[in-house]
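Q: based on what follows, work out the 3D shape:
(one chain, ligands or ions: 2)
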Amino acid sequence: MILPKSHRLTPEQVAEVTAIVGEFGCSIQPIIGAVRTIYAIVGDEREELMINRLEGLPYVERIDRIQSPFKLMDRRSDLATHRIRIGGVTLGEELLVIAGQCTIDPKNPGYFLETAAAMKESGAHVLRGGVWKPRSNPYTFQGDSKSIEILMEASRRTGLPVDAEVMDEQQLQVALDAGVHMLQVGARNALNYSLLRAIGRAVAKRATVVLLKRSLHMGTLNEFICAAEYIAAFGNPNVILCPRGTSPSLDGYRNHPDESITPLLKEKTWAPVVVDPSHSVGKASYVPACALAAVAYGADGLCIEAHVSPNQGIGDDPKQALTPSVLADTIARAKQIWTLRHSAVASV
Ligand code: PEP
Ligand code: MN
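A: Numbering: from 1, shown residues only. Ligands and ions are numbered 1, 2, ... in the order given. Below is the predicted model of the structure:
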């Protein structure tokens, strides 16, 4: 939809916009109002170059798009009936819980193996463990490829599928070769389109689940869903959206909590939403409330950092990780809210 700066376009201007959209197989239909005339673009209006050329015209105020920019992740797409299943849970049918350490300590594998057993005991369905870490400070621990063996050993012992973040194509290959079940794209890489493409391509045949975090600086929801569209467009529709707080932070919290965007995401996309309260609020004592709020807002799952002995942990664990007993309590309450919410939705 073209909105002109003046009440209507001149015949010369109509001819110019008609010629531009014509190059992309579209036509123009004026909609004459009492005060203002606007111009519908008839045809597929998703062509970026066409929109950019129209937006560049000095007499155009703005272009409003009616069609969604995401063909696969849109809730009206044919994929909307697609269901993602992991750890015995079909997303949308039961609350999914991903839990485990921020970072695996390769020098003390015992902690991770103990944490893994405790996560299973607490009711988690997927075990998370950071092998490679995106650290703001280059002198801090960056992760270690050796931790992948500890992660997979924990998976074998518990029978839980595992989630690990990959930051480049080399790590992606190592993770896939090891048999990681869920690939995490972190907040810092959610806008790394070559990595998103590579993940979409690499996991197309295996249908590995991808947990896509919301970037620290993602403003619009479309930007978030378009990042998921990249992965789907290159072959894998098993993408879960993960709000995890944005920057700048809310005074006192690590990031600006964003669990409230879930209903807005669900108006636009069929993708399941799994909220990460740990990185959102950034401190163990605030995490349970944020987790429960996320479920009240309609989250399909939670991704929570937890450790058998947070003080002995590395990375975010000393400040963010829940102990297994707090995790178990949070999961139990979250499940109650999930059930309440779903019975309320069903009775509407
Ligand atoms: C993490 O999950 O440990 C992590 C680094 O998350 P994020 O990318 O959301 O900061
Ligand atoms: Mn972390």
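
Q: where does the stretch 1-150 of the chain get nearest to ligand 1, residue-wise?
A: Minimum separation of the stretch 1-150 of the chain from ligand 1 (CB to the nearest ligand atom) falls at residue 102, amounting to 4.5 Å. In this view, the C-beta of every residue, glycine as well, is placed from N, C-alpha and C.

Q: pLDDT at that residue, what is it?
A: With respect to pLDDT, residue 102 has a value of 98.

Q: doesn't residue 319 make contact with it?
A: No. Using CB atoms under 8 Å, residue 102 makes no contact with residue 319, being 9.6 Å away.

Q: so for those two, which residue has more residues nearby?
A: Counted by other CB atoms under 10 Å, residue 102 and residue 319 do not tie: residue 102 has more neighbours, with 24 against 17.

Q: what residues are up against residue 134?
A: Neighbour list for residue 134: 165, 167, 186, 188-189 [criterion: CB atoms under 8 Å, 6 or more residues apart in numbering].

Q: in those, find the pair that's most separated.
A: Spatially, the most separated pair among the contacts of residue 134 is 165 and 188, at 9.5 Å (CB to CB).

Q: neighbour-wise, which of these two wins?
A: Legend: neighbour count by other CB under 10 Å for residue 165 and residue 188, higher for residue 165 (26 against 16).

Q: bridge partners for the more buried one, pull those for me.
A: residue 184 (DSSP bridges).

Q: for residue 123, which non-adjacent residue is closest in space?
A: For residue 123, ignoring the flanking residues on the chain, the nearest one in space by CB to CB, 6 or more residues apart in numbering is residue 331 at 4.6 Å.

Q: no, scratch that, I was asking about residue 311
A: Excluding the flanking residues, the one nearest residue 311 by CB to CB, 6+ apart is residue 318, at 5.7 Å.

Q: that neighbour touches residue 284, doesn't it?
A: No. If you go by CB under 8 Å, residue 318 and residue 284 don't touch, sitting 9.1 Å apart.

Q: residue 66 - how many residues pack around it?
A: 8.

Q: just to revisit the earlier point, doesn't the residue nearest to residue 311 fall inside a strand?
A: No. Counting by DSSP: H, G, I helix; E, B strand; the rest coil, residue 318 is located in no strand; its state is helix.

Q: low pLDDT regions in the stretch 201-348 of the chain?
A: The stretch 201-348 of the chain contains residues with pLDDT under 70 at 345-348.

Q: show me where it has strands.
A: With DSSP state E, counting those that start in this stretch, the ranges of strands along the stretch 201-348 of the chain come out as 209-213, 239-242, 274-275, 301-305.

Q: what is the last one packed up against?
A: Pointing back at strand 301-305 there. Using 3 or more CB pairs under 8 Å, 6 or more residues apart in numbering; DSSP states H and E as the contact test, the elements touching strand 301-305 are strand 96-101, strand 274-275, helix 277-281, helix 287-296, helix 324-347.

Q: if we go to 6 Å?
A: strand 96-101, strand 274-275 (3 or more CB pairs under 6 Å, 6 or more residues apart in numbering; DSSP states H and E).

Q: mean neighbour count and distance to residue 225 added to those strands, as a markdown table?
A: Shown next, in a markdown table, are the helices and strands packed on strand 301-305 (neighbours: other CB atoms under 10 Å; distance: least, CB to CB, whole Å):
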| stretch | mean neighbour count | distance to residue 225 |
| --- | --- | --- |
| strand 96-101 | 28 | 19 |
| strand 274-275 | 28 | 15 |
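
Q: nearest residue to the closest residue to ligand 1 within the stretch 51-200 of the chain other than its sequence neighbours?
A: Nearest residue of the stretch 51-200 of the chain to ligand 1 (CB to the nearest ligand atom) works out as residue 186 at 2.8 Å. Nearest non-adjacent residue to residue 186, counting by CB to CB, 6+ apart: residue 165, 4.9 Å away.

Q: how near is the one you found to residue 207?
A: Separation of residue 165 from residue 207 (CB to CB, to the nearest Å): 19 Å.

Q: swap in residue 57?
A: Residue 57 sits at a distance of 44 Å from residue 207 (criterion: CB to CB).

Q: neighbour-wise, which of these two wins?
A: Between residue 57 and residue 207, residue 57 has the larger neighbour count (other CB under 10 Å), namely 17 against 12.

Q: mind checking pLDDT for the more buried one?
A: Per-residue pLDDT puts residue 57 at 97.

Q: so it is in which element?
A: Counting by DSSP states H and E, no helix or strand carries residue 57.

Q: what sits against the residue of the stretch 1-150 of the chain found nearest ligand 2?
A: Closest contact between the stretch 1-150 of the chain and ligand 2, by CB to the ion, is at residue 102 (3.3 Å). Counting by CB atoms under 6 Å, 6 or more residues apart in numbering, residue 102 touches 130, 305, 315-317.
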